[in-house]
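**Student:** need the 3D shape of this:
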Amino acid sequence: QVQLVESGGGLVEVGGSLRLSCAASGITFRSYAMGWFRQAPGKEREFVSAISWNGVTTYYGDSVKGRFTISRDNAKSMVYLQMNNLKPEDTVVYYCAAGNTAVGLKNSKSNYWGQGTQVTVSS
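**Tutor:** As a prediction, the model looks like this:
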């Protein structure tokens, strides 16, 4: 059974930082590109970031470029999203995803999804 479990969400002030983590199980982690998406109520899911299986290639959505950093640890089957300089508009649910390629994730082609973790940025 494939599981992607996000953690690290919470409440933070504007300009603050959070680090999201995603623990993967039930898959050969190093065979998958990993990514992060986010979704606000009533809106479409938005691409945040993706990383290739070996960590060499990364992609970022325009709204987070320069503020967020994705990384992975294949030995631990973990993917991370370091979020800095958080803004009120970053207040949404963040989802971890696994896909065949990072560019595929960038185009919303994913195989598996996590349940999400809420991030709230207070002004």
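
**Student:** look up which residues are beta-bridged to the spatially most central residue of the chain.
**Tutor:** With distances taken as Cα atoms, centre = their mean, residue 36 lies nearest the centre of the chain, 2.3 Å away. Counting by DSSP bridges, residue 36 forms beta bridges with residue 49, residue 96.

**Student:** ok, it touching residue 72?
**Tutor:** No. Taking contacts as Cβ atoms under 8 Å, residue 36 lies outside contact range of residue 72: 11.1 Å. Any C-beta I mention is one placed from the backbone N, CA and C, and that applies to glycine too.

**Student:** and for those two, which residues touch both?
**Tutor:** With contacts defined as Cβ atoms under 8 Å, 6 or more residues apart in numbering, the residues shared by residue 36 and residue 72 are residue 79.

**Student:** part of a helix, is residue 105?
**Tutor:** Yes. With the criterion set as DSSP: H, G, I helix; E, B strand; the rest coil, the secondary structure at residue 105 is a helix.

**Student:** that one: what's it in contact with?
**Tutor:** Taking Cβ under 8 Å, 6+ apart, we find residue 105 in contact with 33-35, 47, 50, 59, 97, 99.

**Student:** show me the contacts for residue 37.
**Tutor:** Under the criterion of Cβ under 8 Å, 6+ apart, the neighbours of residue 37 are 45-48, 94-95, 97, 108.

**Student:** which stretches of the protein form helices?
**Tutor:** Assigned by DSSP state H, the chain shows helices spanning 102-106.

**Student:** coming back round to it: just put the contacts of residue 105 in CSV and tack on neighbour count, distance to residue 21 and pLDDT.
**Tutor:** Formatted as CSV, those follow (neighbours: other Cβ atoms under 10 Å; distance: Cβ to Cβ, whole Å; pLDDT from 0 to 100):
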residue, neighbour count, distance to residue 21, pLDDT
33, 28, 17, 98
34, 31, 11, 98
35, 28, 14, 98
47, 20, 19, 97
50, 27, 16, 98
59, 19, 19, 98
97, 25, 14, 98
99, 22, 18, 97
